[in-house]
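Engineer: structure, please.
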Amino acid sequence: MYTSPFEQFKVFEIYKFNENYNFVLTNSLLQIIILLVAFLSISYFTLSSTKVTYEIPFYLWIFKELYNFVYNTVYTYVGKKTGLFFPFIFFLFLFIFICNLVGLIPYSFTVTSHFAITFGLGFTVWFGVILLGIKQWGIQFFSIFFPKGSSAALVFFIAAIEFLSYSFRVFSISLRLLANMVAGHILLDCIAFFIFKSIFNSVAGSSVSLISTTSMVIPLIFLLVLLVFEMCVAVLQAYIFIVLSCMYIKEVL
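Structural biologist: Below is the predicted model of the structure:
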């Protein structure tokens, strides 16, 4: 059992490949590799299947529904250029979605609870949007930092504020995902430990009765409801991340 709610977020070394360059395999890197291999395998077997059947496996049905859901979301914001950005957005959604759900498994590791991961995802989207804007509009892209109708005396001050506001997007989109995952998982871990202790204390040394059974069932139902709620939060955070990414892309199109 965990001795601290923060223990599930610790990165530890599994194997060191090279002593000179300090290249090590950590639990975070291992989980990311496993998720990438699983995702690529499912994608390969799904896309390479040419046999037409009316009955499809349940996991492929879920994959299809997620595919349609993300496609419709991207199309709502991007429109005719959905095909250009959809593969990246779909992979981004699945990566965050699966990492969030895997973090709910006991003794697993929550990849999206580390700022290095969320900042890397956020910076990729933010910097990619800047490159896309420069490619689309050239030097005119930087006009977004100079609002129309601004006073000549305040133009540089306003431009600096607009630049800082635009730059902080990478932190806001990263910290939103990070904070929700850390807070939700810590809350779930604390409540689960509290319920375990309360059930153990209520039934230890006592005979089976209606009161003891009720004291076990009600907390377990509450824990199950909380777990379902946290799963919904995991899906919602992945959805919010891609919606914000699509909004940023739409601004420069």
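Engineer: from now on I want contacts and neighbour counts done on CA atoms only, so please keep to that.
Structural biologist: Noted.
Engineer: tell me, how many residues neighbour Ile105?
Structural biologist: 10 (other C-alpha atoms under 10 Å).
Engineer: pLDDT at it, what is it?
Structural biologist: Note for Ile105: predicted pLDDT of 78.
Engineer: quick one: contacts for it?
Structural biologist: Ile105 sits next to no residue when contact means C-alpha atoms under 8 Å, 6 or more residues apart in numbering.
Engineer: and if you look at the one 10 residues further on?
Structural biologist: By C-alpha under 8 Å, 6+ apart, the contact set of Phe115 is Ser174, Leu175, Leu178.
Engineer: which SS state does the first one fall under?
Structural biologist: Spelled out, that is Ser174. helix (DSSP: H, G, I helix; E, B strand; the rest coil).
Engineer: neighbours around it, how many?
Structural biologist: The number of residues packed near Ser174 is 23, by other C-alpha under 10 Å.
Engineer: now the last one
Structural biologist: Taking other C-alpha under 10 Å as the neighbour definition, Leu178 ends up with a count of 21.
Engineer: after the helix or strand encompassing it, which helix or strand is next?
Structural biologist: If you go by DSSP states H and E, Leu178 is part of helix 169-203. Counting by DSSP H and E, the next helix or strand C-terminal to helix 169-203 is helix 210-252.
Engineer: from the contact counts, what lies against that next one?
Structural biologist: When contacts are defined as 3 or more C-alpha pairs under 8 Å, 6 or more residues apart in numbering; DSSP states H and E, helix 210-252 packs onto helix 58-78, helix 82-102, helix 115-137, helix 169-203.
Engineer: what's the angle between it and helix 58-78?
Structural biologist: When axes from the mean of the first three to the mean of the last three C-alpha atoms, to 10 degrees is applied, the directions of helix 210-252 and helix 58-78 differ by 40 degrees.
Engineer: chain center to helix 210-252, what's the gap?
Structural biologist: 12 Å (C-alpha atoms, centre = their mean, to the nearest Å).
Engineer: what mean pLDDT would you report for that helix?
Structural biologist: pLDDT averaged over helix 210-252 gives 83.
Engineer: I am finished for the moment; much appreciated.
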